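Asker: I'd like to go over a predicted model; first the sequence, then the structure.
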Amino acid sequence: MLPVRTSTLSASLSMAAIATGRRVSHSRTLNTAALRGAQLGFFALPQIQNEPMRPYPVGSADRENLKAAIKDLRSELPFEVPAVINGHELRSTSSSSLSHQLIPFEHATVLAKSHEVDAKVVVERAIPGALEAKRAWETMSFTDRASIFLKAADLVANKYRYKILAATMLGQGKNVWQAEIDAAAELADFFRFNVWYAQHQIYSQQPLSNQADGYWNRVEYRPLEGFVAAVSPFNFTAIGGNLAGAPVLMGNVVLWKPSPHAAYSNHLVLQILREAGLPDGVIQFVPGPAEAVVGAMVDHPDFAGLHFTGSSAVFKGLYKRIAGNIDGYKNFPRIVGETGGKNMHFIHRSAHVPTVVNQTIRGTFEYSGQKCSATSRMYCPDSLWDEVKEGLVEGVKKIKVGPVDDFSTFVSAVIHKASFEKCKSYIEYAKAAPDAEILVGGVCDDSKGYYVHPTVIVTTNPSFKSITEEIFGPILTIYVYPADKYEETLLLADRTSSYALTAALFARDREAQIVGAETLRNCAGNFYINDKSTGDIVGQQPFGGSRASGTNDKAGAAINLLRWVSPRAVKENFRDLSGYTYPSNAAA
Ligand SMILES: NC(=O)c1ccc[n+]([C@@H]2O[C@H](COP(=O)([O-])OP(=O)(O)OC[C@H]3O[C@@H](n4cnc5c(N)ncnc54)[C@H](O)[C@@H]3O)[C@@H](O)[C@H]2O)c1
Ligand SMILES: N[C@@H](CCC=O)C(=O)O
């Protein structure tokens, strides 16, 4: 059993004295806890801007440093990823409690072994420890909390940049550019922009009317009562950091259950936050069997919120479980989930074909299609089809498929065996289907890594399996429509899938853009015009979708941070009241 740290906090006001109505002395000695939040100025934040992306060109110092970081990681394999509870690293003594994170493009190599906790550890250590840590964390001034995140962003962008890129490349199979987008730029952006949103769009939002003489109206943004469960996916190191980090910035404590397929990079994010000054217990890092560990969190009476990103099926299961527990909670829990997608490129006959082809290749095949926003279906007018088809076939055939430590690789392996098998099953289904054909690709090979080659399917059936269901791999399905049936096909596309995450419209004709944007209004939370369906940037395109794609609480925006606070309106009266009657009560 780990030592439980006892808090030195005590209430700064004597509630007993207030309750008995005794006169309270005006001079009071404040204890140190009450001084914790002293803030002797209203501080302007340092300038917040997007972390500049580094290109890693041949011959650059960045490229050499990154190669050295990859080599260093490889020389230390396999890593051990502990659970971290109350600042202590927990290691299991039983090999059955270890989960293995494999290198996706070289699955014989174990990158990391995670020490998994069980439901008992969650309930008996992680939750009580977090609630204990909360008392000090929620009273820490915003300046100090913000400073921890700004420092963490700086560590990500500088000291740990190559290491966290290397961890994301080897562990999650991202090539250099994709790892740079995620683990350097987006992670630093989440940490920095969240601080800006909290200060400028939340804490500074105060009642409009403060005109009454003798009063002061104000709103404080309290963290939620209890703890928040953060459950993260494998595909973005930054998303894990944000799922845990956003509620924490707002003064909450978090139990973070990482994906077993991203455990190493996610643990590194935690280490960075701790190096930046995050106190023990504020984030409890609890790898473990998903259903049991997350179930123990959401079944607990102090459960206050779920910050989830992953598949729609898992989110729905958790939503139902939370609903079933509703009588057992102290508060209505906040439920935030960003989930799957079936994102489209919709092409109008006025589109610029090379743009369509190149944006579609990027949107579909970047990171092997393993982005929730990846392009996975296309609607192409018959008037452009020959040209689009030729461009796609030519382009896709040239895509370099391979391991990511070869920097010329564009597409690498998918994350794990289950994903490989799923992609393969859709390809086999298309090969056997009378109403579809494989235009290019269709090769799957898991002899060394989980390789699914970039694949394009064309179907004559607008409800074909691979045009409606999320696959989460490098597979695009195209439906060719009569160019003069633009509006009808937009309506068809809107109805085709249960998801509503991202969509892109390619048209140079302004009228077509207006009609397309209107008709597709509810089928995407992120809508692009003449750009690919993927690649949102924090501070530029707040991210999230509706329908089966989630609660659309927009990661990387104040909308999301607002879900982690429970505002309290405070009215302070400066004047004594000497009678209770109104002037209108006076006798005539
Ligand atoms: N909309 C977005 O912003 C967004 C972003 C990234 C990924 N995604 C989605 O995530 C999915 C891919 O990620 P993934 O494969 O890691 O998703 P996943 O749903 O398999 O796993 C997500 C997390 O949930 C946990 N989990 C799995 N089963 C669980 C259960 N029964 N109870 C509780 N927790 C459980 C996993 O261990 C992991 O930590 C895709 O569907 C993708 O579209 C969405
Ligand atoms: N930020 C991502 C989406 C996250 C999902 O995996 C994008 O690039 O669109």
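Answerer: Received it, and whenever you're ready, just let me know what you need. Residues are numbered from 1 along each chain as shown. Ligands and ions are numbered 1, 2, ... in the order given.

Asker: what residue ranges in the stretch 51-200 of the chain score low on pLDDT?
Answerer: Segments of the stretch 51-200 of the chain classed as low confidence (criterion: pLDDT under 70) are not present in this model.

Asker: and the helices in it, which stretches?
Answerer: Using DSSP state H, counting those that start in this stretch, the helices assigned to the stretch 51-200 of the chain run over residues 61-75, 119-121, 127-137, 142-157, 161-172, 176-179, 187-197.

Asker: looking at the ones you listed, which is nearest to ligand 1?
Answerer: Comparing the helices of the stretch 51-200 of the chain against ligand 1 with C-beta to the nearest ligand atom, the closest turns out to be helix 161-172 (10.2 Å). No exception for glycine: its C-beta is placed from N, CA and C like everyone else's.

Asker: what residues does this protein have near ligand 1?
Answerer: Applying the criterion C-beta under 6 Å from any ligand atom, the portion of the chain that neighbours ligand 1 consists of 231-236, 239, 257, 259, 290-291, 294, 309-311, 314, 317-318, 338-341, 372, 470, 472, 501, 543-544, 549-550.

Asker: ok, back up a step: closest one to Arg222 among the helices of the stretch 51-200 of the chain?
Answerer: helix 127-137 (11.4 Å; C-beta to C-beta).

Asker: which helices and strands sit right next to that closest one?
Answerer: In terms of contacts (3 or more C-beta pairs under 8 Å, 6 or more residues apart in numbering; DSSP states H and E), helix 127-137 is packed against strand 227-231, strand 254-257, strand 283-285.

Asker: same list (these) but as JSON lines, adding mean neighbour count.
Answerer: Listed next are the helices and strands packed on helix 127-137 as JSON lines, based on neighbours: other C-beta atoms under 10 Å:
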{"stretch": "strand 227-231", "mean neighbour count": "29"}
{"stretch": "strand 254-257", "mean neighbour count": "26"}
{"stretch": "strand 283-285", "mean neighbour count": "28"}
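
Asker: distance to Ile427 and mean pLDDT added to the ones you listed, as CSV?
Answerer: Listed next are these as CSV, based on distance: least, C-beta to C-beta, whole Å; pLDDT from 0 to 100:
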stretch, distance to Ile427, mean pLDDT
strand 227-231, 30, 99
strand 254-257, 32, 99
strand 283-285, 37, 98
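
Asker: could I get those strands as a markdown table with distance to ligand 2?
Answerer: Compiled in a markdown table, these are given as follows (distance: least, C-beta to the nearest ligand atom, whole Å):
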| stretch | distance to ligand 2 |
| --- | --- |
| strand 227-231 | 15 |
| strand 254-257 | 18 |
| strand 283-285 | 21 |
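
Asker: reformat these as TSV; add distance to Asp494.
Answerer: Below are these laid out as TSV (distance: least, C-beta to C-beta, whole Å):
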stretch	distance to Asp494
strand 227-231	30
strand 254-257	35
strand 283-285	40
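
Asker: between those strands, which one is closest to Pro354.
Answerer: Among those, the nearest to Pro354 by C-beta to C-beta is strand 227-231 (40.8 Å).

Asker: who are the packing partners of the helix or strand that the closest one is followed by?
Answerer: Past strand 227-231, further along toward the C-terminus, the next helix or strand under DSSP states H and E is helix 237-249. Using 3+ C-beta pairs under 8 Å, 6+ apart as the contact definition, the elements that helix 237-249 packs against are helix 142-157, helix 161-172, helix 187-197, strand 227-231, strand 254-257, helix 263-275, strand 303-309, helix 558-562.

Asker: can you tell me the centre-most residue of the protein?
Answerer: By C-alpha atoms, centre = their mean, the mean C-alpha position of the chain lies nearest to Ile239, the distance being 3.1 Å.

Asker: that one and Phe105, how far apart?
Answerer: Here Ile239 is placed at a distance of 21 Å from Phe105 (C-beta to C-beta, to the nearest Å).

Asker: not counting sequence-adjacent ones, nearest residue to the residue nearest to the centre of the chain?
Answerer: Beyond its immediate neighbours in the sequence, the residue positioned closest to Ile239 (C-beta to C-beta, 6 or more residues apart in numbering) is Thr309, lying 5.2 Å away.

Asker: what is that neighbour paired to in the beta sheet?
Answerer: The residues paired with Thr309 through beta bridges, assigned by DSSP bridges, are Glu338.

Asker: picking up where we left off before, surely the residue nearest to the centre of the chain meets Ser232?
Answerer: Yes. Using C-beta atoms under 8 Å, Ile239 makes contact with Ser232 at a distance of 5.8 Å.

Asker: what separation do you get for Gly317 and Gly337?
Answerer: Counting by C-beta to C-beta - Gly317 and Gly337 are separated by 11 Å.

Asker: the more surrounded of those two?
Answerer: Gly337 (23 against 14; other C-beta atoms under 10 Å).

Asker: need the contact list for the residue of the stretch 51-200 of the chain found nearest ligand 2.
Answerer: Across the stretch 51-200 of the chain, no residue is closer to ligand 2 than Glu186, which sits at 6.5 Å (C-beta to the nearest ligand atom). With C-beta atoms under 8 Å, 6 or more residues apart in numbering as the criterion, the residues that contact Glu186 are 236, 238, 537-538.

Asker: and the residues you listed as CSV, adding neighbour count?
Answerer: Conversion of these to CSV gives the following (neighbours: other C-beta under 10 Å):
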residue, neighbour count
Phe236, 30
Ala238, 29
Ile537, 17
Val538, 25
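
Asker: relative to ligand 2, which of those is nearest.
Answerer: Phe236 (5.3 Å).

Asker: the closest one reaches Ile181, doesn't it?
Answerer: No. Under the criterion of C-beta under 8 Å, Phe236 makes no contact with Ile181, lying 9.1 Å away.

Asker: and for Thr71, the neighbour number?
Answerer: One thing to correct before we go on: residue 71 is Lys, not Thr. When neighbours are defined as other C-beta under 10 Å, Lys71 has 11 of them.

Asker: state the distance from it to Asn65.
Answerer: 11 Å.

Asker: one more: Tyr264?
Answerer: Using C-beta to C-beta, Tyr264 is found at 19 Å from Asn65.

Asker: the more surrounded of these two?
Answerer: Set side by side, Tyr264 and Asn65 show unequal neighbour counts under other C-beta under 10 Å, the larger going to Tyr264 at 25 against 16.

Asker: how close does the nearest residue to the more buried one once chain neighbours are set aside get to Tyr162?
Answerer: Computed as C-beta to C-beta, 6+ apart, the closest residue to Tyr264 that is not its neighbour in sequence is Ala112, at 4.1 Å. As for Ala112, its distance to Tyr162 is 18 Å (criterion: C-beta to C-beta).

Asker: which of these two has more neighbours?
Answerer: Between Ala112 and Tyr162, counted using other C-beta under 10 Å, Ala112 has the larger neighbour count: 25 against 20.

Asker: name the nearest residue to the residue in the stretch 301-450 of the chain that ligand 1 sits nearest to, ignoring sequence neighbours.
Answerer: The shortest separation between the stretch 301-450 of the chain and ligand 1 is 2.5 Å, found at Gly310 (distances taken as C-beta to the nearest ligand atom). Using C-beta to C-beta, 6+ apart and skipping the chain neighbours, the partner closest in space to Gly310 is Pro233 (4.5 Å).

Asker: so the one you found touches Lys257, yeah?
Answerer: No. Counting by C-beta under 8 Å, Lys257 is not a contact partner of Pro233; they are 10.9 Å apart.

Asker: burial measure for the residue nearest to Ile239, as a count.
Answerer: Residues lying near Thr309 (other C-beta under 10 Å) number 24.
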